[in-house]
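Student: Here is a sequence together with a model predicted from it:
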Amino acid sequence: MHEHSAHADQVYESAQSAAASSPVVASWRRCMTMHRLVPEDKRLPFRLTEQEFKAARERSGRLVTEAAEELDRLFLTVGRAGCCLLLTDREGIALERRGTSGDDKDFRDLGLWTSSVWTEASIGTNGIGTALADERAVAIIRDQHFFSSNIDLSCTTAPIRDHRGQLAGALDISTRREDMTEVTLAILSQTVREAAMRIELNLFRSAFAGARFVMVPTDSGSTAAFLAVDRNDIVLGATRAARHALKLDDRRIAAGIPASDALRENQQAADRELLEVERAALLRALLRAGGNVTLAAATLGMNRATLHRKMKKFDLH
């Protein structure tokens, strides 16, 4: 009980401090100022009625379908380690769950169950709600949760985006293990991010069935940057990573853009052609001058030093 009281005091002090600026403290502030929550309150997340839950699953039918195999694969990896998996929609509604029967009671008592709503407004700072609010992967460890009643829980969550790069839901791994370390949670965080990325690619391929898929080179080396292209080389869609890399948006895609233009292949080809033309001109001038650099430079209308630099550039020495 004292532990819960101390946690509530920490939340109040940190959230009210002008100097504090961590993502967790920012979430605590949202919980207090936007959602009017108090950390010492003991509560479970909101639950939908059966009819409301059915409607939510129907709205996210494609997400549920394309995530099913990945959820099963991920659960085989982490399920026996005392972890629970939740797949939610963009509103934080738990659509699918994976867990072992031996852990079911503990997780159900915390509200980690289908039809529960894991937004910050519903249950304060938590992996799912904060990942959806910030639109980025997060890990919330024990006393980083807003409510004192959730400080035994650790969770790591990655957002899932649809074929247009818009937020579609979230994938979460939660555990109550007391021996959970930051290193172990970091491994789980990487695992959940990779699983979320594979679900995103499933959604993308499903949305553009029959299209050709082109991987886009990125500075970050992302393996999630893809274009969907039709048989006329016109871009049909792009993943979020591809949109960022190529500066694409819905308007440009809807207007129609050839994949070669989006990838700037025409410009690259033109640049290579110009270089080849320049190299050929230099080589001809040198051959006609019998290798005399001064004479060749005069023929080309440049000084000797410039020609030497170009000869080095094109390996003509």
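Tutor: That came in fine, so what should we check first?
Student: where does this protein have its least confident helix or strand?
Tutor: helix 265-288 (a mean of 69; mean pLDDT, DSSP states H and E).
Student: The helix or strand following it - contacts with which helices or strands?
Tutor: Under the assignment DSSP states H and E, the closest C-terminal helix or strand after helix 265-288 is helix 293-300. Applying 3 or more CB pairs under 8 Å, 6 or more residues apart in numbering; DSSP states H and E, one finds that helix 293-300 contacts helix 265-288, helix 304-313. Yep, even glycine has a C-beta here, placed from its N, CA and C like the rest.
Student: buried ones in helix 293-300?
Tutor: Applying a neighbour-count criterion of 16 or more other CB atoms under 10 Å, the buried positions in helix 293-300 are 293, 296-297, 300.
Student: Turn those residues into a markdown table, including distance to Gln190.
Tutor: Shown next, in a markdown table, are those (distance: CB to CB, whole Å):
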| residue | distance to Gln190 |
| --- | --- |
| Val293 | 57 |
| Ala296 | 58 |
| Ala297 | 58 |
| Leu300 | 56 |
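Student: In a strand, Ala158, correct?
Tutor: Yes - counting by DSSP: H, G, I helix; E, B strand; the rest coil, Ala158 is part of a strand.
Student: in what helix or strand does Asp172 lie?
Tutor: Assigned by DSSP H and E, Asp172 falls in strand 167-175.
Student: Can you list the strands that that strand pairs with?
Tutor: The strands beside strand 167-175 in its sheet (DSSP bridges) come out as strand 83-89 (antiparallel), strand 154-161 (antiparallel).
Student: Arg142: which of those is closest?
Tutor: Closest to Arg142 of the strands paired with strand 167-175 is strand 154-161 (CB to CB; 5.5 Å).
Student: Show me where the stretch 101-250 of the chain dips below the pLDDT cut-off.
Tutor: Within the stretch 101-250 of the chain, the segments meeting pLDDT under 70 span 221.
Student: could you redo the last one with a cut-off of 50?
Tutor: Of all residues in the stretch 101-250 of the chain, none has pLDDT under 50.
Student: just the strands in it please.
Tutor: Along the stretch 101-250 of the chain, counting by DSSP state E, counting those that start in this stretch, strands occupy 116-117, 138-141, 154-161, 167-175, 212-215, 226-229, 235-238.
Student: how about those strands in CSV, adding mean neighbour count and distance to Gly79?
Tutor: Listed next are these as CSV, based on neighbours: other CB atoms under 10 Å; distance: least, CB to CB, whole Å:
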stretch, mean neighbour count, distance to Gly79
strand 116-117, 23, 19
strand 138-141, 23, 19
strand 154-161, 26, 15
strand 167-175, 26, 10
strand 212-215, 15, 31
strand 226-229, 24, 30
strand 235-238, 24, 34
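Student: Buried residues of stretch 62-71, list them for me.
Tutor: 63-64, 66-67, 70-71.
Student: Mean confidence (pLDDT) on it, please.
Tutor: For stretch 62-71, mean pLDDT is 96.
Student: what's across from the residue lying closest to Arg136 once chain neighbours are set aside in the sheet?
Tutor: Using CB to CB, 6 or more residues apart in numbering and skipping the chain neighbours, the partner closest in space to Arg136 is Pro159 (6.7 Å). Pro159 forms beta bridges with Ala170, as assigned by DSSP bridges.
Student: for Leu86, same thing?
Tutor: Beta-bridge partners, per DSSP bridges, of Leu86: Arg97, Asp172.
Student: Need the residues that contact stretch 105-116.
Tutor: Stretch 105-116 is contacted from outside by 44-48, 50, 52-53, 84, 86, 93-97, 99, 118, 122-123, 150, 153, 174, 176, using CB atoms under 8 Å, 6 or more residues apart in numbering.
Student: and Asp72, how many residues sit next to it?
Tutor: 12 (other CB atoms under 10 Å).
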